[in-house]
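K.L.:
sequence plus predicted model, see below.
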Amino acid sequence: MRFVWSELLWLLLFVPALVAAYLWVLRRKKKTAIRYASLMLVRDAIGPGQAWRRHAPPAMFLLAMIAAIIAVARPSAVVVLPADYLTLVLAMDVSRSMLATDVEPNRIHAAQVAAKSFIEEIPKNVRLGIVSFAGTASVVQTITDNKEDMVAAIDRFQLQRATATGSGLIVSLSLLFPNDGIDLESAIYGNDFSRWGGGAASIDRPKKSAKKAETKLIKPVPPGTYTGGAIVLMSDGRRTTGPDPLEAAKMAADRGVRVYTVGFGTKDGAQITMEGGWSWYARLDEETLKQVAKITNAEYFHAGTAAELKKVYQELSSKFALERRETEVSSLFSALAALLILAAAGLSLLWFHRQA
């Protein structure tokens, strides 16, 4: 908890003085009390529970004073509140390994069904952009709040060769921060863009890593502090081309963006066989996905079945409905002080007024 006017907390030093004054008054009353011939008469007069009742209202008043002092110091705390308008980017792996049938009927179909369910459950205050990545990365749906457009984008996925996880992450960042001047040539087409006919301006272009693809200087912020949105990245395999996803994660961390990663598929991997007999073994790279989430102060989730993937998306949608935010809570302490004073006054009247 942080205090805007922390110097006012010195007023709490008066609390021990109030306690000492109360104890002094009790001793004064004890000295002037009437002496009874028998202690049994005193016990009968006081009645069971009367001893602690006499101290309850003063104790409540003391707690009210403490709460009031804390309130005037203007405390603020990180609390969970309904999220403001958020922008999410869903980055999904569409490499050919998504044809694996270790998840029925296959990975890509299960992923599309779960993604559509996620879209239906995200709150109304959340906008969504969708990026697909395989050998390259592309925006299949610009940021929108139209859920029909989001679902249609999921249906447009086309599987491709290779897996460029870092490219998918950088394109997602460019969607969140369109004015940051992120060099998408290097992210989408890789380091050999100049040899692929990128135009005269790209001839003999030096090779770039994911970090060098960032052309606009930014002032780094603590990871996870960006509250305007986040990235959800789902992959089922290892990166085979494109920028290093850990360097791309550092770009996201410098902007405070959380990247929630989802590893999809069985941990043992699966054999993929294409037409013509060409086959390979697809294995999930959990370690990299965990590191991406850790670097950006987010979380990693594993889903080995379609049902588990749906649960992961349900949990993620609940996270974006609420957010942790530093908020001034002076009103809570003020209300607590008022309630304690009312309770102290009410109990005093209830317990002692009839004996007056």
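P.N.:
Good, I have the coordinates.

K.L.:
helix, strand, or coil at residue 218?
P.N.:
Per DSSP: H, G, I helix; E, B strand; the rest coil, the secondary structure class of residue 218 is coil.

K.L.:
just give me the neighbour total for it.
P.N.:
13 (other CB atoms under 10 Å). For every residue, glycine as well, the C-beta is placed using N, CA and C.

K.L.:
that one reaches residue 255, doesn't it?
P.N.:
Yes: between residue 218 and residue 255 a contact is recorded at 6.6 Å, counting by CB atoms under 8 Å.

K.L.:
okay, and the common contacts of these two?
P.N.:
residue 180 (CB atoms under 8 Å, 6 or more residues apart in numbering).

K.L.:
now for the nearest residue to residue 256 once chain neighbours are set aside, how many residues are close by?
P.N.:
In space, and not counting its chain neighbours, residue 256 is closest to residue 226: 3.4 Å by CB to CB, 6 or more residues apart in numbering. Neighbours of residue 226 under the rule other CB under 10 Å: 18.

K.L.:
which ones are touching residue 226?
P.N.:
Residue 226 touches 255-258, counting by CB under 8 Å, 6+ apart.

K.L.:
residue 9 too?
P.N.:
Per CB under 8 Å, 6+ apart, neighbours of residue 9: 3, 69-70, 73.

K.L.:
from residue 257, how far off is the residue nearest to residue 256?
P.N.:
Separation of residue 226 from residue 257 (CB to CB, to the nearest Å): 5 Å.

K.L.:
ok, now residue 119?
P.N.:
For residue 119 relative to residue 257 (CB to CB), the value is 20 Å.

K.L.:
what's the answer for residue 270, then?
P.N.:
31 Å.

K.L.:
higher neighbour count, those two?
P.N.:
Legend: neighbour count by other CB under 10 Å for residue 270 and residue 257, higher for residue 257 (27 against 20).

K.L.:
name the single longest helix found in this structure.
P.N.:
In the chain, ranked by residue count with DSSP state H as the criterion, the top helix is helix 330-352.

K.L.:
tell me who's in contact with the spatially closest residue to residue 97 that is not a sequence neighbour.
P.N.:
Nearest residue to residue 97, sequence neighbours excluded (CB to CB, 6+ apart): residue 282, at 3.6 Å. By CB under 8 Å, 6+ apart, the residues touching residue 282 are 97, 100, 236-237, 265, 269-272.

K.L.:
what do you get for residue 259?
P.N.:
169, 230-233, 249, 252, 292-293, 295-296, 298.

K.L.:
among those, who's most crowded?
P.N.:
Neighbour max across the contacts of residue 259 (other CB under 10 Å) = residue 169, 34 neighbours.

K.L.:
ok, that residue touching residue 244?
P.N.:
No: counting by CB under 8 Å, residue 169 stays clear of residue 244, with 10.0 Å between them.

K.L.:
going along the chain, name the helices of the stretch 51-200 of the chain.
P.N.:
56-72, 107-121, 147-155, 165-176, 184-189 (DSSP state H, counting those that start in this stretch).

K.L.:
helix 330-352 and the longest one, what's the angle between them?
P.N.:
Comparing the axes of helix 56-72 and helix 330-352 via axes from the mean of the first three to the mean of the last three CA atoms, to 10 degrees yields an angle of 170 degrees.

K.L.:
same question for stretch 106-126: list its buried residues.
P.N.:
For stretch 106-126, burial by neighbour count (16 or more other CB atoms under 10 Å) applies to 107-108, 110-112, 114-116, 118-119, 121-122, 126.

K.L.:
and the residues you listed as TSV, adding pLDDT and distance to residue 141?
P.N.:
Shown next, in TSV, are those (pLDDT from 0 to 100; distance: CB to CB, whole Å):
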residue	pLDDT	distance to residue 141
107	90	21
108	93	17
110	93	20
111	94	15
112	95	13
114	94	17
115	94	11
116	94	13
118	92	14
119	93	10
121	88	17
122	87	14
126	87	14
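
K.L.:
need those residues in TSV (columns: distance to residue 28).
P.N.:
Shown next, in TSV, are the buried residues of stretch 106-126 (distance: CB to CB, whole Å):
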residue	distance to residue 28
107	81
108	83
110	79
111	78
112	80
114	73
115	75
116	76
118	70
119	72
121	66
122	66
126	65
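
K.L.:
biggest separation within these, which pair?
P.N.:
107 and 126 (25.4 Å; CB to CB).

K.L.:
which stretches of this structure aren't confidently modelled?
P.N.:
Scanning the chain for pLDDT under 70 picks out 29-52, 78-85, 186-216, 269, 273-281, 321-326, 352-356.

K.L.:
tell me the domain ranges of it?
P.N.:
The record's domain split for the chain, according to automatic domain parsing, is 2-79+328-355, 83-304.

K.L.:
contacting residues around the longest helix of the chain?
P.N.:
The contact list for helix 330-352, computed with CB under 8 Å, 6+ apart, reads 53-54, 56-58, 60-61, 63-65, 67-68, 70-72, 74-75.

K.L.:
can I get the buried part of these as one PyMOL selection?
P.N.:
With 16+ other CB under 10 Å as the criterion, this PyMOL line picks the buried residues out of the contacts of helix 330-352:
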select buried, resi 57+58+60+61+63+64+65+67+68+70+71+72+74+75
